[in-house]
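# need a structure here:
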Amino acid sequence: MPSPAQRSKQRLRRSSAAETPSPAPLPPASPRRFAVIGAGMAGIACARTLVQAGHEVTVFEKSPHAGGRTTTLDTAFGSFDAGAQYFTVRDARFTQALETVPGLCRPWSANTVRVLDAAGRVAAASPPPGEPHWVASPGMQSLVDAWARPLSQAGRLHTGQRVARIERDAMDGTRWQLRTETSDGGTQVHAGFDAVLLAQPSVPALALLQACGNDIAPSLHQPLAGVTIAPCWTLMLAFPQAVRPGLTTLGPQWNAARSTHHRIAWLARESSKPGRGPVERWTVQASPAWSQEHLEDDEARVQAKLMKAFSEVTGIRAEPAHAQVCRWRYAQTVAPLARSHLWDASAGIGLCGDWCLGHRLEDAFVSGLELALAVA
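Numbering: from 1, shown residues only. Okay, here's the model as predicted:
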């Protein structure tokens, strides 16, 4: 009898095989130039779809690398998935896209996610295995990295550049230009775009549009204002002392749990994910309410409070060899847009992101894909 992991892989293959192969897309009659702001899952899904349709796409990302909330942080003790912990696959188009990177994503044995009370006791029995939990290997960022690589190799992915302003092209008033800033204070102007697509969280996207004046796609401002996204503080801990004869793990014997502790919402043993290093590592995500309450707190204070809560929930009171916190201002959608994207054809401005549909990684993929299909 096949194992749960084997059954998961079989389902993924069957879902892909059930898809009728799509014919190669015909080149557009008039290729256009698109600027995509944001190189997370939504932005890269949008950009690669437009490139496949024959258009010219340039992606701008303020961080040093693509990935967005799939960012993987590397340390001397191993990697941490600092944002998205896993993904599920429900849309056949996502399945088909994953088949372009065979072997990169693998099922994670987190189907038996525990539900804990505030004191770390199991409050609910482990649910029966449902839809598989998938992770990219060696880190969650690897999937977006793989899809972004052709853009990077073609010189079409500009990282470390924050888009400060969108404005009409100085040489052609029917097109757009972007003013970007680098961390060292440098500025650049990128011109000649037929459309600008924002693949950012709704709040900074709206702020960018408003900073450019109400005459830029005003029809998009009100829908954006109705989206609500909660923040999240994330704690990452490493315990290399657990890797010794006779001791394989510290604390609980589960790999992932949702908690009702007022500070902690999620815990995952990073070292249990396929393709990761053996050093015991934990990623702890604070609850939305606690994260909002302590959003502007000092990192050291946040780290101390989350470490105390971690020990209360897991019973692990050993001193970690590595401790680090990271703040996500826009982490989990509370009130989504309830449609896959926004597009103002007359202005040539569009928006996409997981916040359009929900908070799942697949939501970001579908949003980026459907915006690209709408504008291509």
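
# burial check on residue 170, number of neighbours?
When neighbours are counted by other CB atoms under 10 Å, residue 170 registers 10. Bear in mind the C-beta positions are built from the backbone N, C-alpha and C, glycine included.

# which ones are touching it?
By CB atoms under 8 Å, 6 or more residues apart in numbering, the contact list for residue 170 reads 177, 191.

# right, and the secondary structure at residue 189 would be what?
Per DSSP: H, G, I helix; E, B strand; the rest coil, the secondary structure class of residue 189 is strand.

# is residue 188 in contact with residue 165, as I believe?
No - at 11.5 Å, residue 188 does not count as touching residue 165 under the criterion of CB atoms under 8 Å.

# now for those two: what residues contact both?
residue 179.

# those two: which is more packed in?
Using other CB under 10 Å as the criterion, residue 188 and residue 165 rank with residue 165 on top: 15 against 12.

# surely the more buried one is in contact with residue 179?
Yes - the pair residue 165 / residue 179 is scored as a contact, 4.3 Å apart, by CB under 8 Å.

# could you check how far residue 48 is from residue 229?
25 Å (CB to CB, to the nearest Å).

# ugh, wrong one, I meant residue 259
For residue 259 relative to residue 229 (CB to CB), the value is 21 Å.

# again with residue 366
The spacing between residue 366 and residue 229, counted by CB to CB, is 17 Å.

# now residue 352
When distance is defined by CB to CB, residue 352 is 14 Å away from residue 229.

# these two - which one has more neighbours?
Shown here are residue 352 and residue 229; by other CB under 10 Å, residue 352 has more neighbours (35 against 22).

# what does the more buried one show for phi and psi?
phi -150, psi 170 (degrees, to the nearest 10).

# which residues of the stretch 251-376 of the chain fall in helices?
Here the stretch 251-376 of the chain has its helices, by DSSP state H, counting those that start in this stretch, at 288-293, 299-314, 361-375.

# in JSON lines: the ones you listed, plus mean pLDDT and distance to residue 198.
Conversion of the helices of the stretch 251-376 of the chain to JSON lines gives the following (pLDDT from 0 to 100; distance: least, CB to CB, whole Å):
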{"stretch": "helix 288-293", "mean pLDDT": "97", "distance to residue 198": "24"}
{"stretch": "helix 299-314", "mean pLDDT": "95", "distance to residue 198": "29"}
{"stretch": "helix 361-375", "mean pLDDT": "98", "distance to residue 198": "10"}
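
# spatially, which residue comes closest to the most centrally placed residue in the chain, not counting chain neighbours?
Nearest residue to the geometric centre of the chain (CA atoms, centre = their mean): residue 69, 3.2 Å. Spatial nearest neighbour of residue 69, excluding adjacent residues (CB to CB, 6 or more residues apart in numbering): residue 83 at 3.5 Å.

# what of residue 255?
Nearest one to residue 255, counting by CB to CB, 6+ apart, is residue 272 at 3.9 Å.

# that neighbour against residue 109, yeah?
Yes - Residue 272 is in contact with residue 109 according to CB under 8 Å; the separation is 6.8 Å.
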